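# Give me a model of this one.
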Amino acid sequence: MTDENDRPRPEDDAARLGLVVVGEAAALHAGDDASLDASEENIRETVDSMVDEPLTPRQEEVVERLASAGGTLTAGLSGALAAKTGGHVEDVLEGAARSVVWQQRLAAERDALQGQPQESPDDGPIDELRDDTRGDVRSDLREDAGAQQRHHDDDDGRDRG
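Model (predicted):
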């Protein structure tokens, strides 16, 4: 068992699981067997890396099915939102991933203000979304946090809702 200070914060684990669910949704939208197989393997590896003791086969199956069901829900809702807004499913899924990471960042900042130890801001899922050509990830995430609300306004700023 690891020392308490070596364990990821629950928010970090939640972010990893959230990104796994978004990955499953992306694999479902891709529709090819290789993507689905890779996503299922990612679910297994992520869960295995988070548990202190091996899960029973039944527990492992339940957790995998929960992640898969979350991916299915995310895929369906992403498709519906993309259809309703005239956007692309990939953009909706990217927004979902950014929201997951943004919540993790907010939790880390809250912990820092409360004087609790935290991982380096460059550790964890945020690195997967960092693109050096796009500038500061934090400002990108803040911009994305309000994007869903902006999609409801027409060109004059009125809610189409």
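
# pretty sure T74 contacts L19?
No. Using Cβ atoms under 8 Å, T74 makes no contact with L19, being 10.9 Å away. In this view, the C-beta of every residue, glycine as well, is placed from N, C-alpha and C.

# from what I can see D12 touches Q104, true?
Yes. D12 is in contact with Q104 according to Cβ under 8 Å; the separation is 6.2 Å.

# More neighbours: those two, which one.
Q104 (24 against 19; other Cβ atoms under 10 Å).

# a strand runs through that one, doesn't it?
No. Using DSSP: H, G, I helix; E, B strand; the rest coil, the assignment for Q104 is helix, not a strand.

# just checking, it touches D13?
No. Using Cβ under 8 Å, Q104 is not in contact with D13, being 9.7 Å away.

# For the nearest residue to E64 once chain neighbours are set aside, give its distance to L28.
Spatially, and ignoring its direct neighbours in sequence, E64 is nearest to I43 (5.4 Å; Cβ to Cβ, 6 or more residues apart in numbering). Distance, I43 to L28, by Cβ to Cβ, to the nearest Å: 13 Å.

# if you count what's nearby, which of those two comes out ahead?
I43 (24 against 20).

# my guess is the more buried one meets A67, correct?
Yes. The criterion here is Cβ under 8 Å, and I43 meets it with A67 at 4.6 Å.

# any common contacting residues for those two?
Common contact partners of I43 and A67 (Cβ atoms under 8 Å, 6 or more residues apart in numbering): V20, E24.

# If you count neighbours, what's buried in the longest helix seen in the chain?
Taking DSSP state H as the criterion, the chain has its longest helix at helix 57-85. By 16 or more other Cβ atoms under 10 Å, the buried positions in helix 57-85 come out as 60, 63-64, 67-68, 70-71, 74-75, 78-79, 81-82.

# With stretch 33-43 instead?
Neighbour counts over stretch 33-43 (16+ other Cβ under 10 Å) mark S35, L36, S39, E40, N42, I43 as buried.

# which ones are touching the fourth one?
For E40, the contacting residues are E24, E64, S68, by Cβ under 8 Å, 6+ apart.

# contacting residues around the helix or strand the first one falls within?
Looking back up the chat, that one is E24. Using DSSP states H and E, E24 sits in helix 10-30. Helix 10-30 is touched from outside by 8, 35-36, 38-40, 42-43, 46, 50, 67-68, 70-72, 74-75, 78-79, 89-90, 93, 96-97, 100-101, 103-104, 107-108, 119, 124-125, 128, with contacts defined as Cβ under 8 Å, 6+ apart.
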